[in-house]
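Trainee: Please work out how this folds:
(2 chains)
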Protein chains: 2
Amino acid sequence: MSAAYRRVPAPALEAFAAGIFRFHGLPPLDAETVAHALVLADLRGVDSHGVLRIGVYVERLKQGLINPTPKLRALKEGPGAVLLDGDNGMGPVVATAAMRVALERARATGMGAVAVRRGNHYGMAAAYPLMALAEDCIGLTLTNGPALVAPWGGTRRFFGTNPLAIAVPAGREHPVVLDMATTVVARGKIIKAAKEKQPIPEGWALDRAGRSTTDAATALAGTPIPLGGYKGYGLMLAIEILSGVLAGAAVGPAVGELYDNPRRPQDVGHLFAAMRLEAFGDPEEFKARMDAMIQAIREGPRAGGTERIYLPGEIEFETEARLRREGVPIGPALWEELTALGREAGVPFPGGA
Amino acid sequence: MSAAYRRVPAPALEAFAAGIFRFHGLPPLDAETVAHALVLADLRGVDSHGVLRIGVYVERLKQGLINPTPKLRALKEGPGAVLLDGDNGMGPVVATAAMRVALERARATGMGAVAVRRGNHYGMAAAYPLMALAEDCIGLTLTNGPALVAPWGGTRRFFGTNPLAIAVPAGREHPVVLDMATTVVARGKIIKAAKEKQPIPEGWALDRAGRSTTDAATALAGTPIPLGGYKGYGLMLAIEILSGVLAGAAVGPAVGELYDNPRRPQDVGHLFAAMRLEAFGDPEEFKARMDAMIQAIREGPRAGGTERIYLPGEIEFETEARLRREGVPIGPALWEELTALGREAGVPFPGGA
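Mentor: Residues are numbered from 1 along each chain as shown, chains lettered A, B, ... in the order given. All right, here's what the predicted structure looks like:
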């Protein structure tokens, strides 16, 4: 961590972010929800989806492209399945509400699924499945996004990075939390590299003409490479269906851009699901089986050069514990941007100068 | 297609396979179910999971390692979630029954999920989600399998090829049917190459020492490469959890081998899920959206050298239509094996000597 980074305690950062969103018209509880989701991403080391995004969210609120006071409405409602209209609300506000509905349905039936239309970019996908852990549920979410990746054999951007995230309770071990884009890497990592003027590794992205590039800005104008070729295309398509098509949200190139789109709402589609452990057996036995599996994987023989075998989410839980003590590192460019956003909103950026 | 292959009409092949399984103790309807699943795989061009597998299934029945007359039992039962004990029945028998339960739960709640323990190798995963199409449902299945793939950074075989399959209704277009192992390729393809003494492409598998190999037999003794590296490891783990751990089936190396295992049942774990389109909106509108998306993908600009952009499952539907007319191609080695199996069971292999 370079000396140019400064540390901001998570509660102060969260209060700051909430203040900004209140100023831009969100009800206090919704402002807290957005702030919580962003700072949780920073704490988990997923800073590409953290307070770095406040700027673009505020920009879209100012241009009237996001509804600060959405009225969520169930368009269709069954015991285990719900279709929600997100009313173009802030991504984390709509997503948090939808995940709560999925958990409530799972309480009643064992398995709940909620499709959402008229959503927006919802930040770190894992934020919502993580809500399931306290209720002894497995949580899952899928979302589509602005067109970036061409179908296999095609050249026109069609799919978003279409991530999936799942969180699974364990016992003494950390829960397993997988959060992955179905591209080779999440676009957020390329955005972050471009912002920091860092190169990206070979194999992450193609330029507009389909040639490999290591320049982050060039990559942002081109297309990320799908995970594993035609299988990644299949996964992306399945996620596009289960989020966009199922919900009746925008699909493919019809999904609005987040950054280069000063004209229309995104109409992102999401899916949230919750599976109640208790519906499939004894939750404590399940957690004991998780612990045993995790220990067997971690303690297995390692390949040369591997110091430790990780479970998905393990690094993030360790990072969160550390950054809750040490504070969230904020680089100089972001510091400056947040200070300006705070000045506008009458909310001083914590930590002074 | 080499002249050495002979064509067997699908109904005759199915009747033959059913006869074999009746002889080995399966009730007539269950024998039909297994035969149907195997021949459907052949028809869809997934011959690695077709009648090629009769031999190993029969071997396991003869050794008492599969229960020909299982009594399926719900160990836990809620409105939208069920835990089934497969009683070590034939894979396709247990899987077909479990998928029916998932569809029945989805009728009641909109979304049904069924976890299965004490299952066996169930053949082509897509066979079960395909059952959902006629009921205007999206169907999904996941399964674990015998340990083949090491965790990322590890060297000990732990995960199966852990496939996922999903089938989604469309309108005028073919349904989208994705069926993929989370390894670079399905092990069935390596088995088939080994059986036919064909080499495999670079990048499919490693030998026991972790070196790349193009020899199919050497690859069978080694490990398939996970799809997309650490992300493929994450997917495999998520599938291991949702099939093996959730159901309380065997997990990781505890799952019994299919081929090199003359001693114990496999105790494979599966998950089946069904989502009722009607629970999320108007099914006809959903199908119209599917058609529009499929057409937009297919008609998009193509990369140099690409003649056609395919949707997942499209090749399989076209193959099925063709092979229903032309008959299923059976190579000489398999022809001989099936003839011998038929002789033992008193069921003549169709098409004569």
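
Trainee: Let me see the ranges of the strands in chain A.
Mentor: Taking DSSP state E, the strands of chain A run over residues A:6-8, A:73-77, A:81-85, A:111-119, A:137-143, A:164-168, A:176-180, A:205-206, A:223-224, A:268-276, A:328-330.

Trainee: Mind checking the pLDDT average for the longest helix along chain A?
Mentor: Using DSSP state H to define each element, chain A has its longest helix at helix A:91-109. Across helix A:91-109, the average pLDDT comes to 98.

Trainee: Same question for stretch A:201-209.
Mentor: 78.

Trainee: who's in contact with that stretch?
Mentor: If you take CB atoms under 8 Å, 6 or more residues apart in numbering or on different chains as the criterion, stretch A:201-209 is touched by A:184-185, A:189-190, A:212-214, A:218-219, A:221-225. (C-beta placed from N, C-alpha, C; glycine too.)

Trainee: Okay, the residue of the stretch 101-250 of chain A found nearest chain B and B:Pro79: tell me how far apart.
Mentor: Nearest residue of the stretch 101-250 of chain A to chain B: A:Gly110, at 2.8 Å (CB to the nearest CB). Distance, A:Gly110 to B:Pro79, by CB to CB, to the nearest Å: 7 Å.

Trainee: what about these two, which has more around it?
Mentor: Neighbour totals were compared for A:Gly110 and B:Pro79, and A:Gly110 leads with 29 against 18 (other CB atoms under 10 Å in any protein chain shown).

Trainee: Let me see the contact set for that one.
Mentor: A:Gly80, A:Met275, A:Arg276, A:Glu278, A:Ala279, A:Phe280, B:Gly78, B:Pro79, B:Gly80, B:Ala81, B:Ala113.

Trainee: again, only using 10 Å
Mentor: A:Gly110 makes contact with A:80, A:137, A:274-280, B:76-83, B:105, B:109, B:111-113, according to CB atoms under 10 Å, 6 or more residues apart in numbering or on different chains.

Trainee: Quick check: PyMOL command selecting the buried ones in those.
Mentor: Buried residues within these, by 16 or more other CB atoms under 10 Å in any protein chain shown, are selected in PyMOL with:
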select buried, (chain A and resi 80+137+274+275+276+277+278+279+280) or (chain B and resi 76+78+79+80+81+82+83+105+109+111+112+113)
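
Trainee: What is the neighbour count of the nearest residue to A:Leu235 once chain neighbours are set aside?
Mentor: Spatial nearest neighbour of A:Leu235, excluding adjacent residues (CB to CB, 6 or more residues apart in numbering or on different chains): A:Thr182 at 4.6 Å. When neighbours are defined as other CB under 10 Å, A:Thr182 has 30 of them.

Trainee: for A:Ala15, same thing?
Mentor: If we define neighbours as other CB under 10 Å, then A:Ala15 has 15 of them.

Trainee: what's the answer for the one 5 residues further on, then?
Mentor: A:Ile20: 26 surrounding residues under other CB under 10 Å.

Trainee: Domain map for chain A?
Mentor: Here the domain assignment for chain A is A:1-62+A:300-353, A:72-183+A:226-289, based on automatic domain parsing.

Trainee: Could you dump the ones you listed into CSV with distance to B:Glu320 added?
Mentor: Below are those laid out as CSV (distance: least, CB to CB, whole Å):
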stretch, distance to B:Glu320
domain A:1-62+A:300-353, 37
domain A:72-183+A:226-289, 18
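
Trainee: Out of the ones you listed, flag the one nearest B:Lys62.
Mentor: Closest approach to B:Lys62 among the domains of chain A (CB to CB): domain A:72-183+A:226-289, 32.2 Å.

Trainee: Do a quick rundown of the helices in chain A.
Mentor: A:10-23, A:28-43, A:54-62, A:91-109, A:130-133, A:187-195, A:216-221, A:230-240, A:246-247, A:283-298, A:314-326, A:332-345.

Trainee: lowest-confidence stretch among the ones you listed?
Mentor: Among those, helix A:187-195 scores lowest, with a mean of 85.

Trainee: and the angle from that one to helix A:28-43?
Mentor: 70 degrees (axes from the mean of the first three to the mean of the last three CA atoms, to 10 degrees).

Trainee: Next, give phi and psi for the residue nearest to A:Leu235.
Mentor: phi -90, psi 10 (degrees, to the nearest 10).

Trainee: Wait, it touches B:Gly232, no?
Mentor: No - under the criterion of CB atoms under 10 Å, A:Thr182 makes no contact with B:Gly232, lying 11.3 Å away.

Trainee: who touches both of those two?
Mentor: A:Leu227, A:Gly228, A:Lys231, A:Gly232.

Trainee: Deepest in the core, which of the helices of chain A is it.
Mentor: Stretch with highest mean neighbour count among these: helix A:246-247 (a mean of 30; mean count of other CB atoms under 10 Å in any protein chain shown).

Trainee: and the gap between A:Ala167 and A:Thr155?
Mentor: Following CB to CB, the distance that separates A:Ala167 from A:Thr155 is 36 Å.

Trainee: Among those two, which residue is more densely surrounded?
Mentor: A:Ala167 (25 against 19).

Trainee: Give the bridge partners for the more buried one, please.
Mentor: A:Gly139, A:Val177 (DSSP bridges).

Trainee: Wait, it touches A:Asp136, no?
Mentor: No - the pair formed by A:Ala167 and A:Asp136 falls short of the contact definition of CB under 10 Å, at 11.6 Å.

Trainee: Pull up the distance across stretch A:140-148, start to finish.
Mentor: 23 Å (CA to CA, to the nearest Å).

Trainee: let me fix that: stretch A:125-143
Mentor: Taking CA to CA as the criterion, the two ends of stretch A:125-143 lie 8 Å apart.

Trainee: which bits of the stretch 251-353 of chain A sit near chain B?
Mentor: Residues of the stretch 251-353 of chain A lying near chain B by CB under 10 Å from any CB of the partner chain: A:251-254, A:271, A:273, A:275-282, A:285-287, A:289-290, A:292-294, A:296-313.

Trainee: how much space between the residue at minimal distance from the centre of chain A and A:Val46?
Mentor: In chain A, the residue lying closest to the centroid (CA atoms, centre = their mean) is A:Met124, at 1.9 Å. Per CB to CB, A:Met124 is found 5 Å from A:Val46.

Trainee: Based on its surroundings, how many neighbours for A:Pro201?
Mentor: 11.

Trainee: now the angle from the longest helix of chain A to strand A:81-85?
Mentor: Going by the same axes, to 10 degrees, helix A:91-109 makes 160 degrees with strand A:81-85.

Trainee: Next one: A:Ala113 from A:Met275, what distance?
Mentor: In terms of CB to CB, A:Ala113 sits 10 Å off from A:Met275.

Trainee: How about A:Val114?
Mentor: Taking CB to CB, one finds A:Val114 at 13 Å from A:Met275.

Trainee: Touching both of those two, which residues are there?
Mentor: A:Ala102, B:Met111.

Trainee: From A:Gln63, how far off is A:His267?
Mentor: No His there; residue A:267 is Asp. 16 Å.

Trainee: Ok, A:Arg22 next?
Mentor: From A:Arg22 to A:Gln63 the distance is 18 Å (CB to CB).

Trainee: before we move on, what about A:Glu320?
Mentor: For A:Glu320, the distance to A:Gln63 - CB to CB - is 33 Å.

Trainee: Reformat the shared contacts of A:Thr182 and B:Gly232 as TSV; add distance to A:Leu52.
Mentor: Shown next, in TSV, are the shared contacts of A:Thr182 and B:Gly232 (distance: CB to CB, whole Å):
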residue	distance to A:Leu52
A:Leu227	24
A:Gly228	28
A:Lys231	31
A:Gly232	26
